[in-house]
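**Q** The following block contains a protein sequence and its predicted model.
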Amino acid sequence: MANENNAVLATWLNEPKEPAFIPPKAPYPWRRYFARSLDFSLIAFCYESLLCLLLHINFAERSVPLELIDAYLCWGLTFLLEPLFLSKWGKTPGKWLFGLSIHNKNGELLTFREAFERTFQVFCQGEGFAIPFYNFYRYYKCYGICTKDGIMEWDENLCYEAKPFHPASVFGYLGIIAVSAALSVSIAFWQMNPPNNSMLTVNEFIENYNYQLDYNKIEGVMRLEEDRTWMTSYETFDGTNVINLNWFDGQISEPAFTEKDGKLSSISFTLESTEENTLISNPSEKTWLAGALLRTQIGPFYPEIARLEGAVIESESPVSHPYTIDSVIEYIEDVPFDSYVIETGNIRITQKTDISNYQGTSDYMFPDKVNGPSHFSMTFTLEQLPK
């Protein structure tokens, strides 16, 4: 019996063994890095575009904590989309562009669970949990492992295949990044425009005005209430403080609206001050009131293009005549205390000032009590003319 057992054991030992699985190496850290960065950039682009279009979020004014939250939300989308692509096609858009693909050791597609586990390992070990600065340390360590062994820990027992490198991948990468950047800029410019255009009603004008202030996070400027009055103050969230928005020491009138056929015809307000008041500054409300109408004159993808044939009809200032939206707004800011009439498109902007014994700079004026009584009066009017 012992002899028979020895014979069986000898036969088993002499049988050819299946060689241990050795995963194909892909020692191309830069190709792998740019493939992953492209995938993440595309996810971030889609995420930011949706938030811009649906929630009107201004990413240019995003705080650092919110940027970190955005990054982790994009990683949440990555945990969904990358496993989906790997389980369906064995590659993501970035990997496809750089000739990379991933399968199991039998050459079959990964299951969604296997692909998810791999992505999670990449997030923890390759990206350092996306922790700022620590992730760069992990990039450095992973670069050394990839160039030396060609097999990352999350690719063990997997086939990571790489086709011969083709220079077209570089041009494709740069092209996709350029197109994404151009679309991002276009969306951002489009977001700058208020929601209502064409001939506005009074309520649409008020919505446009407040939208600009909210989108650009402008503080210290009076908003317009639904009842067509200025919002001159508001309480803080905890109700302990009242923030005053009325910066003017003199008298400021409520906005006067006129309508024709249900549409806004004009809006105007007046500032008035005497020698009893000490300082007058340029009211920022004028800029945003003008923008609420001016930015209705343009297309969504050309917010800064000179499409308005305007001219200053009369002006006391030698400043060059404005012809585009931005230059009209700059003109209003550059000559805060001059009288002028600007006609552009179907919009007329009029400012009439009556100033006696005031002196100062282009931004501030104060009464000159030495030369007698002082008086300051300014009326700013916007008119929406029939097209």
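**A** Arrived safely, thanks for sending.
**Q** buried sites along stretch 100-110?
**A** L100, S101, I102, H103, N104, L109, L110 (16 or more other CB atoms under 10 Å). In short, each C-beta sits where N, CA and C put it, glycine included.
**Q** Tell me how far S377 lies from L279.
**A** Per CB to CB, to the nearest Å, S377 is found 16 Å from L279.
**Q** out of the two, which sits in the busier spot?
**A** S377 (16 against 13; other CB atoms under 10 Å).
**Q** give the contact list for that one.
**A** T270, L271, E272, S273, T353, D354, I355 (CB atoms under 8 Å, 6 or more residues apart in numbering).
**Q** now the buried residues of stretch 100-110 as a markdown table including secondary structure?
**A** A markdown table is the format used below for the buried residues of stretch 100-110 (DSSP: H, G, I helix; E, B strand; the rest coil):
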| residue | secondary structure |
| --- | --- |
| L100 | strand |
| S101 | strand |
| I102 | strand |
| H103 | strand |
| N104 | strand |
| L109 | coil |
| L110 | coil |
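**Q** can you name the two of those that are farthest apart?
**A** Spatial extent of the buried residues of stretch 100-110 (CB to CB) is set by the pair L100 and N104 at 15.5 Å.
**Q** List the buried residues in the helix or strand harbouring L73.
**A** Secondary structure from DSSP states H and E places L73 in helix 64-89. Across helix 64-89, burial judged by 16+ other CB under 10 Å covers D70, C74, W75, T78, L81, E82, P83, F85, L86, S87.
**Q** And stretch 40-47, by the same measure?
**A** Neighbour counts over stretch 40-47 (16+ other CB under 10 Å) mark F40, S41, L42, I43, A44, F45, Y47 as buried.
**Q** quick one: the fifth one and A130, what's the gap?
**A** Between A44 and A130 the computed distance is 12 Å (CB to CB).
**Q** who touches both of these two?
**A** A71.
**Q** For S180, which non-adjacent residue is spatially closest?
**A** Closest residue to S180 apart from its sequence neighbours, by CB to CB, 6 or more residues apart in numbering: F45 at 4.8 Å.
**Q** Can you pull the phi/psi pair for E343?
**A** phi -120, psi 120 (degrees, to the nearest 10).
**Q** Can you check what pLDDT the model gives it?
**A** For E343, the model assigns a pLDDT of 82.
**Q** any idea how far P167 lies from S180?
**A** 21 Å.
**Q** Who has more neighbours out of these two?
**A** Neighbour count, other CB under 10 Å: between P167 and S180, S180 has more, with 17 against 7.
**Q** how close does the more buried one sit to P336?
**A** S180 is 40 Å from P336, by CB to CB.
**Q** Now that we have the contacts of S377, which of them are buried?
**A** T270, L271, E272, S273, T353, I355.
**Q** Tell me if the fifth one really is in a helix.
**A** No - per three-state DSSP, T353 lies outside any helix segment and is strand.
**Q** list the contacts for it?
**A** T353 makes contact with F337, D338, S339, F376, S377, M378, T379, according to CB under 8 Å, 6+ apart.
**Q** Could you point out the longest strand of the protein?
**A** As assigned by DSSP state E, the longest strand anywhere in the chain is strand 263-274.
**Q** other SSEs contacting that strand?
**A** Judged by 3 or more CB pairs under 8 Å, 6 or more residues apart in numbering; DSSP states H and E, the packing partners of strand 263-274 are helix 202-215, strand 251-252, strand 256-260, strand 375-384.
**Q** Run the angle between the host helix or strand of V185 and strand 100-104 for me.
**A** According to DSSP H and E, V185 maps onto helix 168-192. Helix 168-192 runs at 100 degrees relative to strand 100-104, counting by axes from the mean of the first three to the mean of the last three CA atoms, to 10 degrees.
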